[in-house]
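Peer 1: Below are the sequence and a predicted model; questions follow.
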Amino acid sequence: MPAPLRLRLDGDALVQNWRTLDRMSGTAACGAAVKANGYGLGAIEVARRLADAGCRDFFVSNWQEAAELAPLGLRVSVLHGIREEDMPAATAGFARPVLNTPTQVARWKAAGGGSCDVMVDTGMNRLGVSADDIAGGLLDGLAIETLMSHLACADQDSPMNAAQRDRFAALAGTTSARRMSLANSAGIALKGYAFDLTRPGLALYGGIPRADMTAIRQVVRPEAQILQRRRVSAGDTVGYNALWTAKNDTEVAILNVGYADGYRRDFTNIGAAVVSGRVLPVLGRVSMDLVAIGVDAASDLDEGDWVMLDYALPTSAAASGLSQYELLTGLGQRFERVWTTS
């Protein structure tokens, strides 16, 4: 059945964002993080388009995500490494594990090794083996394709960035790794952080992790149908908890979308839809499946018409208090995903 809400996904903008990040990466190769179902857009369609554009390195979180991409025949790395129950998939050869712990390293060696990647912790204290582990010979005998680490504060001008870069650079030549990789989307904008391979995620999908990355284009535009148009009299309220009161008689449209679809309650009374340049404010509480907008400025809109939600990631994040990552990955499966060209 046709869905009453859809995501318009700009395939040209996605590819152009990757090309922009590839240029910014200089001599380093530019990969793509397609975890979390391609940040909510659909990993298979994202990866196919980026592979056609020239991307050769793809990153997912777990082996289920890797298996979904396997039919595309891409070079995929699994960032969370290998649990014991992952070993049948890991040894099947359709993706490489990114080893994160001494236990994972031992597990991989016991299975006969093979090409792998390794994450080293340089200060984020999340995933990765330590520099001391490496100095102690933990990685000896491994066929490492890429040694990688992850920046904690690349979206800020923090002294931690340089500290992590320097710790990572000091590991050059200490392992069998053919390549080194540090920079995420924000890290690509920092000079001297690209090493051999960059791993953008957010910026591919229209997120702007640093203010100076102005060339990034919006990719995602949510749209929803109007279920009902009604007139609300002055003094009446709209929605749960009566959080919006009409100062004057107001034309209101009810949209078929809500927080169950990822349009979060944080947009209560601050979100908006946009139709032909007209801004139509969200009125009252965002419900699970419904949102009210004011349509005094859009007399032409009626039941069954489609409206686009204002979802420019940086401004929506600032208005709602949500991160751009949450705004993307929270978009639900009830949206029909429709790929378009600019």
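Peer 2: Done, it's in.

Peer 1: Would you state the helices of the stretch 51-200 of the chain in chain order?
Peer 2: 63-69, 87-90, 102-110, 131-135, 159-169, 185-188 (DSSP state H, counting those that start in this stretch).

Peer 1: Now the third one - C-alpha only, CSV.
Peer 2: Backbone C-alpha positions of helix 102-110 (Å, rounded to 0.1, in the frame of the first residue of the first chain) are rendered in CSV as follows:
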residue,chain,number,x,y,z
PRO,A,102,43.1,-8.5,22.7
THR,A,103,40.4,-11.2,22.9
GLN,A,104,39.2,-10.4,19.3
VAL,A,105,42.8,-10.5,18.1
ALA,A,106,43.4,-13.9,19.7
ARG,A,107,40.1,-15.2,18.3
TRP,A,108,41.1,-14.1,14.8
LYS,A,109,44.6,-15.6,15.1
ALA,A,110,43.1,-18.9,16.3
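
Peer 1: Going by neighbour count, which residues of it are buried?
Peer 2: Gln104, Val105, Arg107, Trp108, Lys109 (16 or more other CB atoms under 10 Å). In this view, the C-beta of every residue, glycine as well, is placed from N, C-alpha and C.

Peer 1: Surely the first one touches Leu79?
Peer 2: The one in question is Gln104. No - using CB atoms under 8 Å, Gln104 makes no contact with Leu79, being 11.8 Å away.

Peer 1: Show me which residues of the longest helix belonging to the chain are buried.
Peer 2: Identified as the longest helix of the chain according to DSSP state H is helix 11-24. Neighbour counts over helix 11-24 (16+ other CB under 10 Å) mark Gly11, Ala13, Leu14, Val15, Gln16, Asn17, Trp18, Arg19, Thr20, Leu21, Asp22, Met24 as buried.

Peer 1: likewise stretch 235-255?
Peer 2: Buried-residue list, stretch 235-255, by 16+ other CB under 10 Å: Val238, Gly239, Trp244, Ala246, Thr250, Glu251, Val252, Ala253, Ile254, Leu255.

Peer 1: Report how many residues lie close to Asn125.
Peer 2: Using other CB atoms under 10 Å, Asn125 has 8 neighbouring residues.

Peer 1: actually Ser77, sorry about that
Peer 2: Neighbour tally, Ser77, other CB under 10 Å: 23.

Peer 1: got it, and the one 4 residues further on?
Peer 2: Burial of Gly81 is recorded as 25 neighbouring residues (other CB under 10 Å).

Peer 1: Tell me how far it lies from Cys116.
Peer 2: 9 Å (CB to CB, to the nearest Å).

Peer 1: anything in contact with each of these two?
Peer 2: Counting by CB atoms under 8 Å, 6 or more residues apart in numbering, the contacts common to Gly81 and Cys116 are Pro97, Val98, Leu99.

Peer 1: count of residues packed around the first one?
Peer 2: As a burial measure, Pro97 scores 28 neighbours (other CB under 10 Å).

Peer 1: can you check the last one too?
Peer 2: Around Leu99 there are 28 other residues, counting by other CB under 10 Å.

Peer 1: Sketch out the low-pLDDT regions of this protein for me.
Peer 2: Scanning the chain for pLDDT under 70 picks out no residues.

Peer 1: check contacts around Tyr325.
Peer 2: If you count contacts by CB under 8 Å, 6+ apart, then Tyr325 has Tyr39, Leu202, Gly207 around it.

Peer 1: does it sit in a helix or strand, and which one?
Peer 2: Counting by DSSP states H and E, the element that carries Tyr325 is helix 324-329.

Peer 1: got it, and Leu9?
Peer 2: Going by DSSP H and E, Leu9 is part of strand 5-10.

Peer 1: Output that strand in PDB with nothing but the alpha carbons.
Peer 2: The C-alpha trace of strand 5-10 is given here as PDB (Å, rounded to 0.1, in the frame of the first residue of the first chain):
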ATOM      1  CA  LEU A   5       4.800   9.700   4.400                       C
ATOM      2  CA  ARG A   6       8.000   9.600   2.400                       C
ATOM      3  CA  LEU A   7      11.700  10.600   2.400                       C
ATOM      4  CA  ARG A   8      12.800  12.400  -0.700                       C
ATOM      5  CA  LEU A   9      16.500  11.400  -1.000                       C
ATOM      6  CA  ASP A  10      18.600  13.400  -3.300                       C
END
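
Peer 1: Could you figure out how far it is turned away from helix 11-24?
Peer 2: 40 degrees (axes from the mean of the first three to the mean of the last three CA atoms, to 10 degrees).

Peer 1: packing partners for strand 5-10?
Peer 2: Contact analysis of strand 5-10 by 3 or more CB pairs under 8 Å, 6 or more residues apart in numbering; DSSP states H and E lists strand 220-232, strand 336-340 as its packing neighbours.

Peer 1: didn't Gln218 look like it was pressed against Leu9?
Peer 2: No - using CB under 8 Å, Gln218 makes no contact with Leu9, being 10.4 Å away.
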